[in-house]
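Student: Any chance you can model this:
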Amino acid sequence: MVSTHRKHPEDPTLGMLRGAMCRRSSVPDGGPGPRHVTAIRRPDEADLARITADKTVLIDRLLDVVEHEIVPLTRAGVREGNKIFGGAVLRKSDLSTVVVVTNRESVNPLDHGEIATINAFYEIPLGERPRAAETIFLSTHEPCPLCLGGLTWGGWDNFFYLFSYEDTKDAFSIPHDIRLNEEIWRVKDGEYDHKNRYWCAWHIPALIEACDPAVRGDFVRCAAGLAATYAELSAIYQASKGSGAEIPLA
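Tutor: Residues are numbered from 1 along each chain as shown. All right, here's what the predicted structure looks like:
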């Protein structure tokens, strides 16, 4: 059942979440671009069915974890000079939380939200943690190249994210994810394959858009509220730049 406690008003920041429906084509229009001109591969309903039997329950749980488990940690983290990114690992079996972590780049510039989450997961004793393949990885923002590698080497066959690269660059003023993809791997606009031999990736707003209208409205309102929350957290982080934390790509 869809939670009813999240009744956020419509917010103009919702516009950033609609990027899933208007992502630019992967076909280059001239200049540096992908080495191969091919359509971006994306997971389908059959792929999602291998992760969850109920898409509505999954979306509801992912939004709830961001709002009530990740955001409080990130709110404290940005006041220490850390970025706004966070992550969580959930069991596929019952969607219970295994670990939830926020960005720690003020301690180590490699401690991105996802990397910190992966480290926390593997710090759990072997006999007490599930296998990565038995879990769902949730990232507040689309993982950067470093974190995509970390998820791959860490053994996850999936991840879900709320904000896209475009959101991170345009709404949150952190452009490095797209730049790294283009400058190093020539992946134009950050358009990597969302379905490959290692994992499938889902943009949560795209899943929301495909939901039944009976539940979509509540999800849209929650996503809009989270966009407003992250805009507030971003303002705190941006104001702290250069004031103590040593983050080379701030």
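Student: and Pro109, how many neighbours?
Tutor: Other residues near Pro109 number 15, with proximity taken as other Cβ atoms under 10 Å. No exception for glycine: its C-beta is placed from N, CA and C like everyone else's.
Student: ignore the last one, Gly154
Tutor: So Gly154, with other Cβ under 10 Å, has 18 neighbours.
Student: That one and Arg129 touch, don't they?
Tutor: No. Counting by Cβ atoms under 8 Å, Gly154 stays clear of Arg129, with 11.8 Å between them.
Student: Need the overlap of contacts for the two.
Tutor: Counting by Cβ atoms under 8 Å, 6 or more residues apart in numbering, the residues touching both Gly154 and Arg129 are 121-122.
Student: how far out from the middle of the chain is the longest helix seen in the chain?
Tutor: Assignment by DSSP state H gives helix 213-240 as the longest helix of the chain. Relative to its parent chain, helix 213-240 has a centroid offset of 13 Å by Cα atoms, centre = their mean, to the nearest Å.
Student: now stretch 93-100
Tutor: Worked out by Cα atoms, centre = their mean, stretch 93-100 lies 16 Å from the chain centre.
Student: can you offset everything so residue one is 883?
Tutor: OK, 883 is where the count begins now, so the last one is stretch 975-982.
Student: Next, the buried residues of the least confident helix or strand in the chain by mean pLDDT.
Tutor: Every helix and strand in the chain was compared by mean pLDDT, DSSP states H and E; the lowest is helix 1058-1067, with a mean of 79. Across helix 1058-1067, burial judged by 16 or more other Cβ atoms under 10 Å covers 1058-1060, 1062-1064.
Student: now, among those residues, which is nearest to Cys1029?
Tutor: Asp1059 (9.0 Å; Cβ to Cβ).
Student: what's the pLDDT at the nearest residue to the closest one once chain neighbours are set aside?
Tutor: Computed as Cβ to Cβ, 6 or more residues apart in numbering, the closest residue to Asp1059 that is not its neighbour in sequence is Cys1026, at 4.4 Å. In this prediction, Cys1026 carries a pLDDT score of 89.
Student: Against Gly1072, how distant is Cys1026?
Tutor: 9 Å (Cβ to Cβ, to the nearest Å).
Student: Overlap of the contact sets of the two?
Tutor: Asp1059.
Student: Mind checking which of the two has more residues around it?
Tutor: The residue with more neighbours, out of Cys1026 and Gly1072, is Cys1026; 26 against 22, by other Cβ under 10 Å.
Student: From the opening residue of stretch 1000-1013 to its closing one, how far?
Tutor: Here the two ends of stretch 1000-1013 are set 12 Å apart, with distance taken as Cα to Cα, to the nearest Å.
Student: cool, and stretch 1056-1072?
Tutor: 14 Å.
Student: where in this structure is pLDDT low?
Tutor: For the chain, residues meeting the criterion pLDDT under 70 lie at 883-920, 987, 1053-1055, 1058, 1124-1132.
Student: Strands of that one, start to end?
Tutor: For the chain, the strands defined by DSSP state E occupy 968-973, 979-984, 1017-1023, 1040-1045, 1082-1085.
Student: Let me have these in a markdown table, extended by distance to Cys1093.
Tutor: Listed next are those as a markdown table, based on distance: least, Cβ to Cβ, whole Å:
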| stretch | distance to Cys1093 |
| --- | --- |
| strand 968-973 | 19 |
| strand 979-984 | 23 |
| strand 1017-1023 | 18 |
| strand 1040-1045 | 14 |
| strand 1082-1085 | 13 |
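Student: Quick one: the helices in the chain, in order.
Tutor: 927-931, 937-947, 953-960, 995-1005, 1027-1036, 1047-1048, 1058-1067, 1086-1091, 1095-1122.
Student: All set, thanks.
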